[in-house]
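[1] build me a model:
(chains A, B, C and D, ligands or ions: 4)
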Amino acid sequence: MATKKTTRSSSGLVEKAAKAKINSSLSNEEKIKLLEDMIRVRRFEERSLRSYQQGKIGGFLHLYIGQESVATGSLSVLGENDHFITAYRDHAHALLCGMGMNECMAEMYGKATGCSRGKGGSMHFFAPDKNYWGGHGIVAGQTPLGLGLAYALKYQEIDGCAICYLGDGAVNQGVFHESLNIAALWDIPVIFIIENNGYSMGTSEARSSKFEDSLAKRAEGYDMKWESVEAHHVYVVREVTDRWVRYAKENSKPVLLEMKTYRYRGHSVADANSEKYRTKEEIQRYQETMDPINVFRKTLTDEGIIDDEKVKEIEKNAKEEANAAAKFADESDFPTVESITEDVYWEADNPDERKSEGRLFFHS
Amino acid sequence: MATKKTTRSSSGLVEKAAKAKINSSLSNEEKIKLLEDMIRVRRFEERSLRSYQQGKIGGFLHLYIGQESVATGSLSVLGENDHFITAYRDHAHALLCGMGMNECMAEMYGKATGCSRGKGGSMHFFAPDKNYWGGHGIVAGQTPLGLGLAYALKYQEIDGCAICYLGDGAVNQGVFHESLNIAALWDIPVIFIIENNGYSMGTSEARSSKFEDSLAKRAEGYDMKWESVEAHHVYVVREVTDRWVRYAKENSKPVLLEMKTYRYRGHSVADANSEKYRTKEEIQRYQETMDPINVFRKTLTDEGIIDDEKVKEIEKNAKEEANAAAKFADESDFPTVESITEDVYWEADNPDERKSEGRLFFHS
Amino acid sequence: MPEITYREAIKQALSEELERDEQVVVMGEEVAQYNGAYKVTEGLFDKFGGKRIIDTPISEAGFIGMGIGASMLGMRPVMELMFWSFSYVAFDQIVNNAAMVRYMSGGLINVPIVIRGPANGGTNVGATHSHTPENFIAYTPGLKVVCPSNAYDAKGLLKSAIRDNDPVYVMENTLLYGQKWEVPEEEYLIPLGKADVKREGSDLTIVSHGRSVITSLEAAENLAKDGIDVEVVDLRSIRPLDIDTVLESVRKTNRVLLVDENKPFCATSSQISHMIQLEAFDYLDAPIQRVTSIDAPAIYSDPLEKEQLPNVARVEKAVRSILDQVSA
Amino acid sequence: MPEITYREAIKQALSEELERDEQVVVMGEEVAQYNGAYKVTEGLFDKFGGKRIIDTPISEAGFIGMGIGASMLGMRPVMELMFWSFSYVAFDQIVNNAAMVRYMSGGLINVPIVIRGPANGGTNVGATHSHTPENFIAYTPGLKVVCPSNAYDAKGLLKSAIRDNDPVYVMENTLLYGQKWEVPEEEYLIPLGKADVKREGSDLTIVSHGRSVITSLEAAENLAKDGIDVEVVDLRSIRPLDIDTVLESVRKTNRVLLVDENKPFCATSSQISHMIQLEAFDYLDAPIQRVTSIDAPAIYSDPLEKEQLPNVARVEKAVRSILDQVSA
Ligand SMILES: Cc1ncc(C[n+]2csc(CCOP(=O)(O)OP(=O)(O)O)c2C)c(N)n1
Ligand SMILES: Cc1ncc(C[n+]2csc(CCOP(=O)(O)OP(=O)(O)O)c2C)c(N)n1
Ligand SMILES: [Mg+2]
Ligand SMILES: [Mg+2]
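    Numbering: from 1, shown residues only, chains lettered A, B, ... in the order given. Ligands and ions are numbered 1, 2, ... in the order given. A predicted model of the protein is given here:
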């Protein structure tokens, strides 16, 4: 039987999570680092928003603001053989795995110094060397890729797993279901995390998905385990993720997790309607009671680990780092016209090792 | 809460089904007609198999032999506003809705007199005038179409529903899940019937699908009702289908049914391996104890409605009809070369009503 | 005549057809309560209500397949793809079911569905969101596809598309949504399959469609200052195709440039090129040249994407090079 | 040299590469225990076991996406599509993920996946099962696609495809699986992107790929009896494309017929035609003509499908008509 554990209230949950070894064994520095991580992500995104408004960044800009505990908590428990992949709302995951603000900001500016050399933009950050496989723009398109990462780990007999993040709207793409069935059928250690922020663009969860209890319960149709949690507290996210990562690796099994969260901003910056499909009060309520940064700051203050001064310092550093990144991006060069046709074929980029012949590219 | 009703044993079930009004109210003639229907379908298919072996029929030939109770029972309870659609294993559905053996056989012979003018072949029978929308070759490709039929009925405020048949392998196509979610979300009166014959080509259910209890239980992920039954007795199929058709129409709701059945032949006639992935005994066991025709013949004999003579007569008529159809098909003409480009565009076929200009077709 | 935006023109077409025919519904992601990701359907939900204007889950294969099924029963669903790039998750429905059900049923069924949405680069949304699949669609017998280059055409073509009894796919352009053109107040239709000579000229024929027509016209104006007189033919509809208007122009100018936002290989313009050389071989003074998107996935970086797409400078240069070649 | 079937040649290629490289796996519907719907993988499951040869559920988007993900981590999955027609349910994975992940990551990732299976008409399986999407694939920068016309090429090209660091899609042909050709016993590779002059001639160049090459060669033999000397160039690989070999032939014969199983609009041959007129304009004595599939969904009826596809009679007729035109 599949585990059914829907935890809608968070009282008691946080205390329990705090006591779990994964959290109780944290040093003070490590705890502060978690707070710092979330603050860095938020300040980075706020800075990118300003750049967007200044016309320095084009295309889409999907902000993660409000959701920071999910990526921060879940990525913080991964080991060196664990890999991950997400959708287009991908800045947090990038910074958290160790990508620099410079290369991320420059990417959004479309500069040659960007992490994808100006070719991917906001939705397409990658750092394979840090086990981060993007950054994907097609809703749920990343889900079979995440499955494939975990499949390869299992095939290569590496003691790792893959986390694949997706949105609450993404669960209704067929390819996700195909991936769930394959994962369950073949015992693949992939952890699908639905970052449920309540909306897919302007459509509330209730208007896009029919389900019973939780979206994650769809896992039962595949005899797969699942859990759903309120995810605004980084301890809770860590505890849940850690437990299921160990489960996935020890048993070589997939799992489907729902992390209930919230985004403050519009779907993307172009979404001027973000208060049309929900009330100002709804946003405020979350901000006031469940803001991941405030909540964790309070925890650390209560634990006596941090004081206002320390937070101020973190805030200041994060802002300065983000401003410096914007400056770096601004001062970087755009890619060359020649580079348009680079990074298309591995072979064309490695002419010495090219084995094929004939034309790879076509002119008019 | 979704209904959970998995009935794996058939003892008692048949008696219960027999007593249900939908069956108890049948006249003797109507009961005999059901048996006759199944016999006609089988003899037709056996004849088509011979034609295939004679090289008169090409391409694929997916036989329904062993599964007759499912289409016969379920289609027999539909009303004039109910529509249906299925996959490529579509001969039974065609004959049962009133298509003639001649046009069906001729279609498989690729003749101009075929129901699709020789353009569709075995997998693509259609009779929109009989509410039959095909006959579709891409696995699960028909599932959103079936949803669309039901959607249109609801939109047009017609008191009808749609049945969409699919195989046990088809449940792992993403589009089916997308269709389930939409059906449940929008309360669309569509009845998905999984004709579970245990195999998708050479792959057993257990090797292609991960599930708990029943494939149909995946409906619960969409808060949708479902039921699973042993479907070799036509009374059972009628009782179950009738009950859920009424439910779908009265409540404007979808439902997912699993009908457990069995195919005797290979996946298609080209499947020479059909005893490689299952034992001869497995096939024999089904044939001996659950053959839809034998089982129902026994029921009608026990009910005193039918005797051997009557069955002989039915068999004889069915065989003669099938032979006549083969003769008709054989003697019919192939389509003309010009007809290759007919039936592509409605406009090209109705030149007097054409409103567009320019070339619709291209030559080399 | 009032000037209205391309967006407004499409909305008017939808609104008029919704009013005219009860079987028309508008369906897609965010088209109703959110008023459309690009606001093309703004106000329609308020005006026609939730039965006619319907928000869908992010299930393109599911809802487009549903629309196809509904159209078989006589409905005329107008499906919005937020981007035509998302057609790839519904490709089987779009190609196999919409295009082939009529054929495989020997003509018993027709599928009066419209699928519309933007298909273009130029907005820095990256490779996965910048596909222009009109060549894939036009390849497929059973389908029709139009690419309106301006508000007037967009309205007239979309209205014809909705009344058409075959599947018609309309490829719009996000960069045009906010631009204005004169559009008459009284009702009008533009038949599918009728090209439009957007500018007359005698030195060279540009054949184009979609926003590339605007680019071509701008280049033509610049070239006119140097006394180069370019004719610009807007295909408007790719299938059906008004090749006769193209050939007539080529027979007059004897030189051809095709301007096409597709990538080069097997582009729409590859086909036009083949047809011109086949049917007007003796009229050609120089090889048929093309300006297409540079052959790589769509780059994100703004100034580079502008280079990658057909632009005025590249069109001008190509025209000059053809004329030089001929005079040389 | 031993004669082996096209099927056997592919199997040998798979087997050799499975042995050579642990990261190679073969995956698809019915490829393992059932030995393959067309028996191409027969015996591989027994030889390599269930870790290397894997049966999948009927979830093309899911398992192909999975293969792409696995290839990013260094595996070399060889995915079988039972028919290339089923690529349409996985089209987004095939185009957006396989082709564009490298680009969007600025070259950090490569996707050494192979997708193979039959793509052809001619077996009376109807419109939905007879797609030949090499033009769609070749359109897409980031992808490579080959269409072997015989056993020798099939083996050498598939082995190269598996070792290639980019996604390579191999389009086979069910009508060739049972046919035999000479194939050496020792190992060999054929580089992608190298056309092959399958028959030399001086009067006219036929450019073709896949089974149409066989059709063309047969037509050429018939024409030779009438003293018509046709050169047949087999493209083998559509992308990369060896256009130089084509141009060289055209410069020699000055007349071109393209024989292509694609439907006509935006076919592979549309592109070849454009390139020839662009790069060998002055060498052409007559317009470039084509023999393609007749422009309709694939018909089921056997004798009609034979008419619909390029066949020997249609190729002969086209060659004669071009030569008549030139001499007239
Ligand atoms: C296949 C596809 N359809 C539609 C879109 C457009 N789109 C981008 S994001 C989005 C909403 C997704 O919502 P959700 O999955 O909840 O993720 P969130 O944005 O909330 O993180 C939509 C409709 C897309 N990118 N891909
Ligand atoms: C998308 C797609 N993939 C693969 C196939 C090939 N194929 C045809 S039928 C079939 C098996 C389907 O099995 P099931 O759904 O159980 O139906 P059954 O044949 O048992 O009636 C397969 C793999 C196809 N037609 N379409
Ligand atoms: Mg969301
Ligand atoms: Mg089955």
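[2] how about the closest residue to ligand 1 within chain C, secondary structure?
    For chain C and ligand 1, the shortest gap (CB to the nearest ligand atom) falls at C:F86, measuring 4.3 Å. No exception for glycine: its C-beta is placed from N, CA and C like everyone else's. Under DSSP: H, G, I helix; E, B strand; the rest coil, C:F86 falls in the helix class.
[3] excluding its backbone neighbours, what's nearest it?
    C:E60 (5.2 Å; CB to CB, 6 or more residues apart in numbering or on different chains).
[4] would you map the helices across the stretch 101-250 of chain A?
    A:101-108, A:142-155, A:174-185, A:205-208, A:234-251 (DSSP state H, counting those that start in this stretch).
[5] low-confidence ranges, chain C, go.
    Scanning chain C for pLDDT under 70 picks out the ranges C:328.
[6] just the helices from it, written as ranges.
    Under the criterion DSSP state H, helices of chain C are mapped to C:6-20, C:44-48, C:60-72, C:91-92, C:98-104, C:134-139, C:151-163, C:211-225, C:243-253, C:268-279, C:302-308, C:312-327.
[7] list the buried residues for the second one?
    By neighbour count with 16 or more other CB atoms under 10 Å in any protein chain shown, helix C:44-48 contains the buried residues C:44-45, C:48.
[8] ditto for the longest one
    Under the neighbour-count criterion of 16+ other CB under 10 Å, helix C:312-327 has C:312, C:314-316, C:318-319, C:322-323 buried.
[9] between the helices of the stretch 101-250 of chain A, which one is nearest to C:A280?
    Evaluated over those, closeness to C:A280 peaks at helix A:174-185, with 45.9 Å, by CB to CB.
[10] quickly check: the closest one near ligand 2 or not.
    No - if you take CB under 6 Å from any ligand atom as the test, helix A:174-185 misses ligand 2, and the best it gets is 10.9 Å.
[11] tell me what angle that helix forms with helix D:60-72.
    Orientation check (axes from the mean of the first three to the mean of the last three CA atoms, to 10 degrees): helix A:174-185 against helix D:60-72 gives 70 degrees.
[12] so which elements touch helix A:174-185?
    helix A:142-155, strand A:190-196, helix B:174-185, helix D:60-72 (3 or more CB pairs under 8 Å, 6 or more residues apart in numbering or on different chains; DSSP states H and E).
[13] orientation of it relative to helix A:234-251 in degrees?
    Angle, helix A:174-185 to helix A:234-251, by the same axes, to 10 degrees: 50 degrees.
[14] and the gap between whichever residue of the stretch 151-300 of chain C sits closest to ligand 4 and ligand 3?
    The minimum distance from the stretch 151-300 of chain C to ligand 4, using CB to the ion, falls at C:P167 (30.5 Å). Distance check for C:P167 against ligand 3: by CB to the ion, to the nearest Å, it reads 32 Å.
[15] now do the contacts for the residue of chain C closest to ligand 1.
    Counting by CB atoms under 8 Å, 6 or more residues apart in numbering or on different chains, C:F86 touches A:138, C:60, C:117.
[16] swap in 10 Å and give it another go.
    C:F86 sits next to A:138-139, C:28-29, C:58, C:60-61, C:64, C:117, C:128-129, C:131, D:92, D:96 when contact means CB atoms under 10 Å, 6 or more residues apart in numbering or on different chains.
[17] ok, A:T261 next?
    Contacts of A:T261 (CB under 10 Å, 6+ apart): A:64, A:66-71, A:168, A:194-198, A:229-232, A:237, A:286, A:290, A:292.
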